[in-house]
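In: after the sequence you'll find the predicted model.
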Amino acid sequence: MINAYNVLDNLDIRSIELLKIIQKNGPMTKSKLEDMTKLKKSTLNRELETLCESSIITEIISEESTGGRKPSLFDMNDTMYYLIGVDISRTYIQIVITNLRMTILDEKTIYGWFSIKEQEEIITENIKELLEKGSIPFSKVIGIGMGVVVQIHEKEEFNKNNELKKEIEKNLNLPVFIDNGANTALIAEANFGVGRGKDNLSYVHCGVGIRSAVISNGNIVRTINNSEDAFGHMTVEIGGELCSCGNYGCVEGYASILKITSKFINEVKKGKMTKIEKAIEEVDYIDICNLAENGDETAKAVIIDAAVYFGTGLANFIKILAPQMIILSGPLIEHSKIFYENTKIVALRKCYSTNSNYIEFYKGGFFENKSIAIGAAYLAFDETLKNNFRK
């Protein structure tokens, strides 16, 4: 039996370029494809025939016509091949099954802090369960993409993630591709979400840590060790708060949900007034965000202070990278309108540039909390196609 990923091995460069155009813009008429690809009609017909014969795309008859023969439309075959995306974050694992249109067919999120061995077992068993539930045979799965946490100061994490990749491949007999989660989130938004058509994008995820990704001139910018926390460890206060990386004054040292929670608790213990009704040791960042939104002055001051430091770092980011759009995501953005709005105000004010008025901010992105997993699924598809070029 031919596996799904072997089908893609038979495609030439023209077929791959055509396939990507259809995936991102389909359904499309032959004339539209001719305009976009600049291929000769005979060449285009041959490439379309190859893709249709492999069942990667499908030809359908349009319902609309201006008279005469109804035009054919070409689109991804959404019932033949599938992708799996896995978001491995600090506090949860999210798994999605998608078709080649990147539509989620099923998903599952498992919450908790897990060891590498536990991650392996959870991912393996839940993928088996989701595929069985959807009556999807393994032979129809092109591959698995994983978006993981990669921190610049934790080099062992890189080795652990690669070991996890190998074990998942062995357990499921499917190819596994891995990247940091911020990159996969931005890949999803750039190709299928709010960033479509833009060559310069930035993505920042605000949660337990500050995760970031950048696309410049249409390409992902790779950092040292392919880490995703370079922005989070940008210095914004000389001799400031101690950060988890060992340095002082980092963005993450002020704007992570752990630091915000810690600062609020310390302020209350110092005697600052608050409307919180639970024991101070039980307070979490969601409580603080809700308090701030409801007018609690202590909570509001803590959130705004974090936004000032975060916005200052973001202003530096903007000056260096000149993004057309900045996507701010993650639990802090989701739960705190005050943090989001003050971040924008501070960042734009500190840019000192007339061009800053043309920067578009987007809250959450199109895929919101599923962007890492969907981008990881697309990573599996894209890397499988790229392997053709490397042979």
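Out: On my side now, so go ahead.
In: what strand or helix carries the residue most central in space within the chain?
Out: Among the residues of the chain, the one closest to the centroid is residue 185, at 0.9 Å (Cα atoms, centre = their mean). Using DSSP states H and E, residue 185 falls within helix 181-192.
In: could you dump that helix to CSV, C-alpha only?
Out: What follows is helix 181-192 as a C-alpha-only set of coordinates in CSV (Å, rounded to 0.1, in the frame of the first residue of the first chain):
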residue,chain,number,x,y,z
GLY,A,181,5.5,26.8,18.4
ALA,A,182,5.7,30.6,17.8
ASN,A,183,7.0,29.8,14.3
THR,A,184,4.2,27.4,13.5
ALA,A,185,1.6,29.8,14.7
LEU,A,186,2.9,32.5,12.4
ILE,A,187,3.2,30.0,9.5
ALA,A,188,-0.6,29.3,10.0
GLU,A,189,-1.5,33.0,10.1
ALA,A,190,0.8,34.0,7.2
ASN,A,191,-0.5,31.3,4.8
PHE,A,192,-4.2,30.9,5.8
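In: can you spell out which helices and strands pack onto it?
Out: Here helix 181-192 touches strand 82-88, strand 141-148, strand 201-206, strand 210-216, strand 219-220, strand 325-329, helix 371-390, going by 3 or more Cβ pairs under 8 Å, 6 or more residues apart in numbering; DSSP states H and E. C-beta: built from backbone N, CA, C; applies to glycine.
In: now with 7 Å, please.
Out: Under the contact criterion of 3 or more Cβ pairs under 7 Å, 6 or more residues apart in numbering; DSSP states H and E, helix 181-192 touches strand 141-148, strand 201-206, strand 210-216, helix 371-390.
In: next, the angle from that helix to strand 325-329.
Out: The directions of helix 181-192 and strand 325-329 differ by 130 degrees, with axes from the mean of the first three to the mean of the last three Cα atoms, to 10 degrees as the criterion.
In: what is the orientation angle of helix 181-192 with strand 210-216?
Out: 40 degrees.
In: could we number from 13 for the rest of this?
Out: Fine by me, first position is 13 from now on; the one you just mentioned is helix 193-204.
In: residue 241: neighbouring residues, count only.
Out: 26 (other Cβ atoms under 10 Å).
In: same thing with residue 57?
Out: Going by other Cβ under 10 Å, the residues that sit close to residue 57 add up to 13.
In: circling back: need the residues that contact the helix holding residue 197.
Out: The contact list for helix 193-204, computed with Cβ atoms under 7 Å, 6 or more residues apart in numbering, reads 36, 99, 101, 114, 157, 159-161, 207-208, 213, 215, 217, 223-225, 227, 232, 240, 339, 341, 377-379, 383-384, 386-388, 390-391.
In: for PyMOL, what selects the buried ones among these?
Out: Selection of buried members from the contacts of helix 193-204 for PyMOL, criterion 16 or more other Cβ atoms under 10 Å:
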select buried, resi 99+101+114+157+159+160+161+207+213+215+217+223+224+225+227+232+240+339+341+377+378+379+383+384+386+387+388+390+391
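In: report pLDDT for residue 239.
Out: On pLDDT, residue 239 comes in at 68.
In: next: the one 10 residues further on.
Out: According to the prediction, residue 249 has pLDDT 92.
In: nearest spatial neighbour of it, skipping sequence neighbours?
Out: Nearest residue to residue 249, sequence neighbours excluded (Cβ to Cβ, 6 or more residues apart in numbering): residue 261, at 3.6 Å.
In: residues contacting that neighbour?
Out: 247-253.
In: who wins on neighbours among these?
Out: Result: residue 248 is most packed of the contacts of residue 261 (other Cβ under 10 Å), 21 neighbours.
In: can I assume that residue is in contact with residue 326?
Out: No: in this structure, residue 248 is not within contact of residue 326 by Cβ atoms under 7 Å, at 9.7 Å.
In: pLDDT weak spots in this protein?
Out: 13-14, 74-81, 163-170, 236-240, 364-369, 400-403 (pLDDT under 70).
In: which residues of it fall in helices?
Out: 16-21, 25-37, 42-49, 53-65, 128-145, 167-184, 193-204, 264-267, 269-281, 297-305, 309-333, 343-347, 349-363, 383-402 (DSSP state H).
In: ok, now how distant is the residue lying closest to residue 356 once chain neighbours are set aside from residue 244?
Out: Of all residues not flanking residue 356 in the chain, residue 373 sits nearest, at 5.3 Å (Cβ to Cβ, 6+ apart). Per Cβ to Cβ, to the nearest Å, residue 373 is found 18 Å from residue 244.
In: coming back round to it: possible to save the helices and strands packed on helix 193-204 as JSON lines with distance to residue 322?
Out: Below are the helices and strands packed on helix 193-204 laid out as JSON lines (distance: least, Cβ to Cβ, whole Å):
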{"stretch": "strand 153-160", "distance to residue 322": "22"}
{"stretch": "strand 213-218", "distance to residue 322": "7"}
{"stretch": "strand 222-228", "distance to residue 322": "8"}
{"stretch": "helix 383-402", "distance to residue 322": "20"}
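In: between the ones you listed, which one is closest to residue 175.
Out: Proximity to residue 175, assessed across the helices and strands packed on helix 193-204 by Cβ to Cβ, is greatest for strand 153-160 (11.6 Å).
In: can you list contacts of that closest one?
Out: 16-17, 20, 93-100, 173, 177, 180, 186-193, 196-197, 384-385, 387-393, 396.
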